[in-house]
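> one predicted model, sequence on top.
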Amino acid sequence: MSTFFQCKEEFSEDDGETEIQSIFLKVLTRSHRKILVLLFFLFCIHSPFTAHAQEKFLDISGYLKELGQVSLSNSLSTVRYDNILHHRFETEWRFTPNLELNADLRTRLLNGFNVENTLGLEFLYERDVNYADLSWVWIDDGKSLLHSQIDRLHLSYFNGPVEAYAGRMRINWGKTYVWNPNDLFNNYAFLDFDYEERPGIDGANLIYNLDFASSIEVGFSMADDFEQMVIAGMYRTNWNQYDLQFIGGHYLDKVALGFGWAGYIEDAGFKGEITYFRPEEDLLNQRGNITSTIGFDYMFSNSVYAQTEFLYNGGHDDQGNSLFELTQPPTANNLFISKTGYFFNASYPFTPLTTISGGILGSFTKKMVILIPQVSHSLSNNIDFMVLAQLLKGSAFSDFVRTPNVIYFRLKWSY
């Protein structure tokens, strides 16, 4: 007897009907989602011919990127190749002077070693970590994977000092460059350089501007239960030429209180963030932890731009795959694969069209260092070419990474 009939015999008639209805609803939901995207595309394709009738009603932009990735073992005995063709479609709709809609869609076609050899890769891309499921895989045949995601879909309302946003968006509270303990809503993985826009959240954001340098802001991210939500507020102000911010609220299952600043010491930029996290359950008897960063940047007279940043990662939990953690958005209280971190980078405009840079990312308390050399060149006003490497060294990667030397080649056309 077939597996289908064996399973069917285990259900009563009512149970079978319920199961069929559940499957039907899931299929229907996925179908509606695909139809919604197709309508979205058709409407946007048609819009350029109608938008001129209403001046500045719609702005369309985006880019197309070709990203090649060569992964090498230290002995050069193993060579792997991956490729991503990445298209981003951005729209901004102005319904009135006070009301706007942003809707952006990113689509990636992946192929190469990782697609062919990573079990469950489709489910990783199909899964949307936000409240609304706006991510799906169109094709997964074992050699290629086609993935789409709506990563921005929010309404914006402006009225005098009031700004209000609702939908899928980015709430950026970070001050420093690599690690952001103040960014409670949507931290990002620094090594994921190809996602310049960075991830967003599903929620709402309300800002009341007190003056040109001061504001009160409240943010909320949606989730299935309270321990997955973020509800927090921030007060921004300026004091003695320093931008200051004070944050506090509910962060997942913790209370968070933080402070951030950005200013100058002489001609050097000086920024930092510090946040204290404490479990909400049995609050008075629990111990909290502090995560903090401090950073400096300076432009030398010879046009060399230098950056440095240091991290104390008080919420560090030394578990899991180090490489996977480096390429996924971290939590605000556990920003790195180590208790400490440092970053040094210097860039130089070799010509008006060519920039070279070199970065070092590492830890004081774990045997690891990542070297990040980069060369970028502008081929035209809207076409750029870049070569970037991420060379992972140290025992922290030896158990997880067979090819720790990765070189990327990217060609980007913007429109």
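Now that the structure is in, tell me what you want to look at.
> what about the helices in this protein?
All helices of the chain, identified by DSSP state H, fall at 3-8, 13-50, 113-117, 121-126, 322-326, 395-398.
> mean pLDDT lowest where, among these?
Lowest mean pLDDT of the helices of the chain: helix 3-8, a mean of 34.
> please read off the pLDDT at the closest residue to L101 other than its chain neighbours from the model.
Leaving aside its chain neighbours, L101 sits nearest to W93 (4.2 Å; criterion: CB to CB, 6 or more residues apart in numbering). Where C-beta positions appear, they are placed from N, C-alpha and C, glycine not excepted. For W93, the model assigns a pLDDT of 95.
> how many residues are close by W93?
As a burial measure, W93 scores 18 neighbours (other CB atoms under 10 Å).
> please renumber the chain so that the first residue is 19 from this point on.
In the new numbering, first residue 19, that becomes W111.
> for it, what are its contacts?
Counting by CB atoms under 8 Å, 6 or more residues apart in numbering, W111 makes contact with 75-76, 118-121.
> show the buried residues in the residues you listed.
By neighbour count, with 16 or more other CB atoms under 10 Å, the contacts of W111 hold 76, 118-121 as buried.
> switch those residues over to JSON lines; also include distance to S174 and pLDDT.
As requested, these are exported to JSON lines (distance: CB to CB, whole Å; pLDDT from 0 to 100):
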{"residue": "L76", "distance to S174": "14", "pLDDT": "92"}
{"residue": "E118", "distance to S174": "4", "pLDDT": "97"}
{"residue": "L119", "distance to S174": "7", "pLDDT": "97"}
{"residue": "N120", "distance to S174": "7", "pLDDT": "97"}
{"residue": "A121", "distance to S174": "12", "pLDDT": "96"}
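> where are the low-confidence patches of the stretch 219-368 of the chain?
The model of the stretch 219-368 of the chain has pLDDT under 70 over residues 337-340.
> okay but F318 is in contact with A324, surely?
Yes: applying CB atoms under 8 Å, one finds F318 in contact with A324, separated by 7.0 Å.
> farthest-separated two in the buried ones among the contacts of W111?
Comparing every pair within the buried ones among the contacts of W111 by CB to CB identifies L76 and N120 as the most remote, at 11.3 Å.
> which residues are in contact with each of these two?
Both L76 and N120 are in contact with 109-111, where contact means CB under 8 Å, 6+ apart.
> and those residues as JSON lines, adding distance to K289?
Output for the shared contacts of L76 and N120, formatted as JSON lines (distance: CB to CB, whole Å):
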{"residue": "T109", "distance to K289": "33"}
{"residue": "E110", "distance to K289": "29"}
{"residue": "W111", "distance to K289": "34"}
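> now intersect those with the strands, please.
Among the shared contacts of L76 and N120, DSSP state E puts 109-111 in strands.
> number of nearby residues for N423?
There are 18 residues near N423, going by other CB under 10 Å.
> quick one: pLDDT of it?
94.
> run through the residues that contact it.
By CB under 8 Å, 6+ apart, N423 lies in contact with 89-92, 407, 409-410.
> which among the residues you listed end up buried?
Neighbour counting with 16+ other CB under 10 Å marks 89-90, 407, 410 as buried within the contacts of N423.
> how close does the nearest residue to M187 once chain neighbours are set aside sit to A182?
Nearest non-adjacent residue to M187, counting by CB to CB, 6+ apart: H172, 4.0 Å away. Distance, H172 to A182, by CB to CB, to the nearest Å: 10 Å.
> with F141 instead?
From F141 across to A182, the span is 35 Å (CB to CB).
> more crowded one of these two?
Shown here are F141 and A182; by other CB under 10 Å, A182 has more neighbours (16 against 10).
> which strand residues bridge the residue nearest to the more buried one when sequence neighbours are not counted?
Of all residues not flanking A182 in the chain, Y175 sits nearest, at 4.3 Å (CB to CB, 6+ apart). Y175 has these beta-bridge partners by DSSP bridges: L117, A182.
> measure Y175 to G185 for me?
11 Å.
> of those two, who's got more company?
A side-by-side neighbour count of Y175 and G185, using other CB under 10 Å, places G185 first with 20 against 14.
> dump the residue contacts of that one.
With contact taken as CB under 8 Å, 6+ apart, G185 is in contact with 171-173, 220.
> specify the beta-bridge partners of L224.
Beta bridges link L224 to A182, V236, judged by DSSP bridges.
> my read: it touches V236, true?
Yes: proximity of L224 to V236 meets the contact threshold set by CB under 8 Å, at 4.9 Å.
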